[in-house]
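**Q** prediction below, plus the sequence it came from.
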Protein chains: 2
Amino acid sequence: MRRSGEDFRTIWQKPDDPTVVQIIDQRRLPHEYVVADLMSWRDGVHAISEMLVRGAPLIGATAAWSLYLAALESRGQPDRNKFIRHAAKALAATRPTAVNLRWAIDRVLGVLGRTEHIDEIEDTLEQEARKICDEDIEICRAIGEQGLKLIEEISARKSGDTVNILTHCNAGSLATINWGTATAPVYFARDKGIDVHVWVDETRPRNQGSQLTTWELAENKVPHTLIVDNAGGHLMQHGLVDICITGTDRTTRSGDVANKIGTYLKALAANDNNIPFYVALPSTTIDWTIRDGLTEIPIEERNPDEVAKIYGKAGDKFCTVQTVGSNTAISNYAFDVTPARLVTGLITERGICAASEDGLTTLFPEQSGLAS
Amino acid sequence: MRRSGEDFRTIWQKPDDPTVVQIIDQRRLPHEYVVADLMSWRDGVHAISEMLVRGAPLIGATAAWSLYLAALESRGQPDRNKFIRHAAKALAATRPTAVNLRWAIDRVLGVLGRTEHIDEIEDTLEQEARKICDEDIEICRAIGEQGLKLIEEISARKSGDTVNILTHCNAGSLATINWGTATAPVYFARDKGIDVHVWVDETRPRNQGSQLTTWELAENKVPHTLIVDNAGGHLMQHGLVDICITGTDRTTRSGDVANKIGTYLKALAANDNNIPFYVALPSTTIDWTIRDGLTEIPIEERNPDEVAKIYGKAGDKFCTVQTVGSNTAISNYAFDVTPARLVTGLITERGICAASEDGLTTLFPEQSGLAS
């Protein structure tokens, strides 16, 4: 995608100072486009846990770049390796559900372990972080090409009428380095001149749909309409949705999908109305070690203030309002698990497959013998 | 229910001036308890359309009281009857989905038609509005007694452990005159010493759950936890919900249920997890003239600002914040229809029945031959 017509990445090295990593403070969108500097690996921990960045692939990339920052900071430390591994541990603890976070950290630590000369680690980790980002873009591009076929088929079946796509949360460019996972097929379809329209779930409590997905679709001139999370079922009952595409934070080898809380409800509604429900994912979000999403994926519980307080624009100012009585008990689960039986297919960088162990290991045969 | 330990009604005549009708401005809860005066039938139109009052039974009662105000205002009019019927037409047009609104208006107009002496209409309409309110309280009490049995059974099965009830929107005292529909069984269970806990759906976009249901449950010391609308499926998957009880704005004679947008998604999740899903309703919300909720119930679309803007407390002040980009297209359907097949049973003032024409006409045999 592009922003204001310019090529776009969600994380990059500062042009005039490559020892600083820059990100968009996504908490301020859509009202303000604010770039935040990461000067230390601790800034990376803060950016992930406070959700300046979010989205499984971008979290992984931010952790990788944070380890590069740790390598820079380790200069003069008695044990540079130990210093970096300490940072890795703290980064891994920021968020429990997304599996890419640990994948990216393990990958960087693997490279670190293979580095023979300690004075090479800065360059090595910089290259690895950059590679993770470049690869993510290629993966998202491949997902876009694969998912495009689904949208093309629907468009053909509808004789070119608008294809209505429902998505939940933001599995967009802002959740990755560029293109997104669930949004990549949409951007590819739009670029091919297919008439697409996206129903954007608000995605309470953090409103990633209303604040991030709407923003990036608008920047890319993709027609879209915001709805509350409650509305998707009604739209599907009335033939107003042709396909659902969401992202995922972790997928089991049997095809269960952990994604933003509420995804399961949309999958149920799609199933009840015979609407295809697809999940777009880089294979880095597959946890090959587990099969049962409901019992084996830890579901993060976050601060109740995310539900009780809302940040927004009041005239020219910004403020946070409390919408709930001050003594109200609140529970705030961040993800839910959609069982594979409700998922029509998985859109990966290698192709589209059934949400099943057979489907996944056909595309990823190197994983077929590795289950625990 | 009670408020601050006092007996409670949601609509009443001003104690020192019975020509004024008073309501709670529910838009200000839970932050402030503000009483609004209805001095004219036009205030009633405003109160219903701007949602100072909401909830099918309370809307009906407010319309009835507004017609009493119209009767007072018709003094000196050349045709008092015509004046009141004009007000009735405007009141009926305020909200399209709830059937009680038209039921209450038709009932009052019927009484008006049977009034022999025009100078009796003020007293007659006052009495009728009062009767509608008194009857609604008795109906809700009966619903509470019927629904109590379901909660007692679950409590017994769980050997007295907490019964977890999930509800959507506010089908509480604040939606009726007192007791509520979905909440009445909960209040009765609590009064019997049964250990109950309520999961309260936030209910976007107007937050009736987080702002009204939490408020009235807190006033009545019923343990409860607020969740976002996205969370109910996850809770049900993990055994944290024993029963769902919601209200309804219109029920077809075949048991389809129009209720606050998002109800359908919770019914799907309950069905997927073998959790009983009950709908509590006064028979005044049954539309005996229709069978197919999906095609025959008009679904109100409301102002997009309900989604884009949120009112709340910022420190000691109140303000409204815009959470969405200013050019974002928004669609705002207020209700959805839950097909009868997903409803375990209907809790009415005459008993609990299957969500079907057979079930309903067994309880209401006087309606058995009246379908269109």
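**A** Here it is on my side, so go on.

**Q** mind listing the strands for the stretch 101-250 of chain A?
**A** When secondary structure is read from DSSP state E, counting those that start in this stretch, the stretch 101-250 of chain A shows strands at A:163-167, A:196-201, A:224-227, A:243-246, A:250-252.

**Q** deepest of these, which one?
**A** For these, the stretch with the most neighbours on average is strand A:250-252, a mean of 28; neighbours defined as mean count of other Cβ atoms under 10 Å in any protein chain shown. Quick note: C-beta positions are derived from backbone N, CA and C, even for glycine.

**Q** can that strand be said to contact chain B?
**A** No: remark: strand A:250-252 sits outside contact range of chain B, by Cβ under 8 Å from any Cβ of the partner chain, the gap being at least 14.5 Å.

**Q** quick one on the thing from earlier: how about TSV for the strands of the stretch 101-250 of chain A, with mean pLDDT added?
**A** Converted to TSV, the strands of the stretch 101-250 of chain A look like this (pLDDT from 0 to 100):
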stretch	mean pLDDT
strand A:163-167	98
strand A:196-201	98
strand A:224-227	98
strand A:243-246	98
strand A:250-252	96
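
**Q** turn those strands into CSV, columns for distance to A:L101.
**A** Rendered in CSV, the data for the strands of the stretch 101-250 of chain A read as follows (distance: least, Cβ to Cβ, whole Å):
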stretch, distance to A:L101
strand A:163-167, 22
strand A:196-201, 24
strand A:224-227, 29
strand A:243-246, 19
strand A:250-252, 10
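
**Q** and those strands: which comes nearest B:A98?
**A** Closest approach to B:A98 among the strands of the stretch 101-250 of chain A is made by strand A:224-227 (21.8 Å; Cβ to Cβ).

**Q** CA atoms of the closest one as CSV?
**A** Once side chains and other backbone atoms are set aside, the C-alpha atoms of strand A:224-227 remain, and they are given as CSV (Å, rounded to 0.1, in the frame of the first residue of the first chain):
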residue,chain,number,x,y,z
HIS,A,224,-15.3,0.7,2.8
THR,A,225,-17.9,1.1,5.5
LEU,A,226,-17.4,1.0,9.2
ILE,A,227,-19.8,-1.2,11.3
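
**Q** what's it packed up against?
**A** Applying 3 or more Cβ pairs under 8 Å, 6 or more residues apart in numbering or on different chains; DSSP states H and E, one finds that strand A:224-227 contacts strand A:196-201, helix A:214-219, helix B:305-308.

**Q** tell me the mean pLDDT over the last one?
**A** Here helix B:305-308 scores 96 as its mean pLDDT.

**Q** quick one: the helices in the stretch 251-372 of chain A?
**A** With helices called from DSSP state H, counting those that start in this stretch, the stretch 251-372 of chain A shows them at A:263-272, A:293-296, A:305-308, A:357-363.

**Q** please apply the same query to the stretch 101-250 of chain A.
**A** If DSSP H, counting those that start in this stretch is used as the criterion, the helices of the stretch 101-250 of chain A fall at A:121-157, A:184-191, A:208, A:214-219, A:232-237.

**Q** if we can go back for a sec, can you lay out the helices of the stretch 251-372 of chain A as TSV showing distance to A:D201 and mean neighbour count?
**A** TSV is the format used below for these (distance: least, Cβ to Cβ, whole Å; neighbours: other Cβ atoms under 10 Å in any protein chain shown):
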stretch	distance to A:D201	mean neighbour count
helix A:263-272	7	27
helix A:293-296	20	17
helix A:305-308	16	19
helix A:357-363	26	18
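
**Q** what's the closest of those helices to B:S254?
**A** Between B:S254 and those, the tightest spacing by Cβ to Cβ is seen for helix A:263-272, at 17.8 Å.

**Q** returning to that earlier point: JSON lines for the helices of the stretch 251-372 of chain A, including distance to B:D134?
**A** As requested, the helices of the stretch 251-372 of chain A are exported to JSON lines (distance: least, Cβ to Cβ, whole Å):
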{"stretch": "helix A:263-272", "distance to B:D134": "39"}
{"stretch": "helix A:293-296", "distance to B:D134": "49"}
{"stretch": "helix A:305-308", "distance to B:D134": "38"}
{"stretch": "helix A:357-363", "distance to B:D134": "62"}
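
**Q** distance to chain B added to those, as JSON lines?
**A** As requested, the helices of the stretch 251-372 of chain A are arranged in JSON lines below (distance: least, Cβ to the nearest Cβ, whole Å):
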{"stretch": "helix A:263-272", "distance to chain B": "4"}
{"stretch": "helix A:293-296", "distance to chain B": "6"}
{"stretch": "helix A:305-308", "distance to chain B": "6"}
{"stretch": "helix A:357-363", "distance to chain B": "21"}
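
**Q** closest to A:T94 out of those?
**A** Evaluated over these, closeness to A:T94 peaks at helix A:305-308, with 15.6 Å, by Cβ to Cβ.

**Q** and that closest one, what other elements does it pack with?
**A** The contact analysis (3+ Cβ pairs under 8 Å, 6+ apart) places helix A:305-308 against strand B:224-227.

**Q** redo that, cut-off 10 Å
**A** Other elements packing on helix A:305-308 under the criterion 3 or more Cβ pairs under 10 Å, 6 or more residues apart in numbering or on different chains; DSSP states H and E are strand A:317-322, strand B:224-227.

**Q** buried ones in the first one, by neighbour count?
**A** Spelled out, it's strand A:317-322. Neighbour counts over strand A:317-322 (16 or more other Cβ atoms under 10 Å in any protein chain shown) mark A:C319, A:T320, A:V321, A:Q322 as buried.

**Q** now, which of the residues you listed lie close to chain B?
**A** Under the cut-off given by Cβ under 10 Å from any Cβ of the partner chain, chain B has A:C319, A:T320, A:V321, A:Q322 from the buried residues of strand A:317-322 close to it.
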